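Enquirer: Okay, predicted coordinates and the sequence, questions at the end:
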Amino acid sequence: MKLLVTGGAGYIGSHVVKAAQSAGHSCVVVDNLSTGLTSRIDCPALELDLASRDASAQLVQLMREHNFDSVIHLAARKQVGESVQKPEEYFLDNLGGLANLLLAMREVGLKSLVFSSSAATYGMPDVDKVTEDYPGVPINPYGQTKLIGEMMLKNAEVWGLRGVNLRYFNVAGAASQELADTAALNLIPIAINAVKAGKAPVVFGTDYPTPDGSCIRDYVHVEDLALAHLAAVDYLAGANQEFTTFNVGTGVGASVIEVLDALKRASGIDFEVAIGERRAGDPPRLVADVSRIDRVLGFRTKHDLASIVQSAWDAS
Ligand code: WQD
């Protein structure tokens, strides 16, 4: 298939492009290069800000040139804290960009879209494993843009769009050093940077109602996540597929302390760990129920926490 990958020069997007190419698909990337790097990809790339005024017209031209089978839309801002400080930028970029993309797709009759959504849509779920039907309410503008984005795809069914929302849990790891996450905004890259600087990684709270007191998350390897996109594209290529939302996680939770223990093993360094205060807005536990993606797409992750942390360490 021929795929348009927005945000394809980013950390996750470049893993999607690599997996797609390995599976025999061809890709064209659109990216504003705000955090993306063209060195991560080996395919045609158009530098374009999807939220800009003429983005839709430029996309129409690109779509007419290439005759895409499907679009994988990852281009977005993704920092929760920044979204609280700059909500307008998040709504403009994440939803304005999606609106321009949908306008262009409607114009050319391109009707298959895989949307990069997030577990941030669930807010603070109080369940062991969260299913896609859990009536969550996002607690920050970032999560709000992702939930509204999902609604925008649903609305576009009126002109025949077939869409899939992939709600990513905590994405980490890397296929190689070139594709690694350079931003260091999440636990694993932050902890790796601390260890490399000879500092103690900080655990944000050990007084949560969890077995070791630290927060539990569902860490998913970026290479597994990339393959979930390909499964979704294949699904949409089938006849009469329904608009569907899928969690992408492993279904297995790991606490912050367990992640740091895995990092001690991966690095071979018995580093000190510092115990800090709770961070505002952290749910104690956020783990995916992955039965729907298993049942409908036949998709299962292959990497466990040790493999995720090892690959992140090796790529750092
Ligand atoms: C993981 C755990 C922290 C840093 C966020 C977004 C989510 C998604 C993924 C985009 C938490 C703890 C962290 C540190 C720590 N983003 N922590 N010390 O908050 O689960 O999810 O990223 O789609 O929407 O909310 O990820 O990596 O920030 O934190 O103890 O130095 O690690 O408190 O429990 P989070 P994270």
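Expert: Thanks, I have the structure now. Residues are numbered from 1 along each chain as shown.

Enquirer: contacting residues around the closest residue to H221 other than its chain neighbours?
Expert: Leaving aside its chain neighbours, H221 sits nearest to H303 (3.6 Å; criterion: Cβ to Cβ, 6 or more residues apart in numbering). C-beta: built from backbone N, CA, C; applies to glycine. When contacts are counted by Cβ atoms under 8 Å, 6 or more residues apart in numbering, H303 is found next to 173, 220-221, 223-224, 250, 311.

Enquirer: quick one, helices of the stretch 101-250 of the chain?
Expert: 141-155, 187-196, 222-237 (DSSP state H, counting those that start in this stretch).

Enquirer: Out of these, flag the one nearest the ligand.
Expert: Closest of the helices of the stretch 101-250 of the chain to the ligand is helix 187-196, at 3.7 Å (criterion: Cβ to the nearest ligand atom).

Enquirer: picking that back up, in a helix, the residue nearest to H221, correct?
Expert: No. Counting by DSSP: H, G, I helix; E, B strand; the rest coil, H303 is not part of a helix but coil.

Enquirer: distance of A280 from F91?
Expert: Distance of A280 to F91, given as Cβ to Cβ, to the nearest Å: 22 Å.

Enquirer: same deal with K2?
Expert: 31 Å.

Enquirer: Give me every residue in the stretch 51-200 of the chain lying close to the ligand.
Expert: For the stretch 51-200 of the chain, the contact set with the ligand under Cβ under 6 Å from any ligand atom comprises 78, 80, 118-120, 168, 170, 186-187, 190.

Enquirer: If we use 8 Å, what do you get?
Expert: 78-80, 118-120, 140, 142-143, 146, 168-172, 185-188, 190-191, 194 (Cβ under 8 Å from any ligand atom).

Enquirer: same deal with the stretch 201-316 of the chain?
Expert: Close to the ligand, as judged by Cβ under 8 Å from any ligand atom, the stretch 201-316 of the chain has residues 201-205, 214-217, 256, 259, 276, 278-279, 282-283, 286.

Enquirer: Let me see the domain layout of this structure.
Expert: 2-171+221-248, 172-218+250-315 (automatic domain parsing).

Enquirer: picking that back up, and the residues of the stretch 51-200 of the chain next to the ligand, which of them are buried?
Expert: 78-80, 118-120, 140, 142-143, 146, 168-172, 186-188, 191, 194 (16 or more other Cβ atoms under 10 Å).

Enquirer: For stretch 102-119, what is the distance to the chain centroid?
Expert: Offset of stretch 102-119 from its chain centre (Cα atoms, centre = their mean, to the nearest Å): 16 Å.

Enquirer: Mind listing what's buried along it?
Expert: In stretch 102-119, counting by 16+ other Cβ under 10 Å, buried: 102, 104-106, 108, 110-119.

Enquirer: so which of the residues you listed would you say is closest to I12?
Expert: S116 (7.3 Å; Cβ to Cβ).
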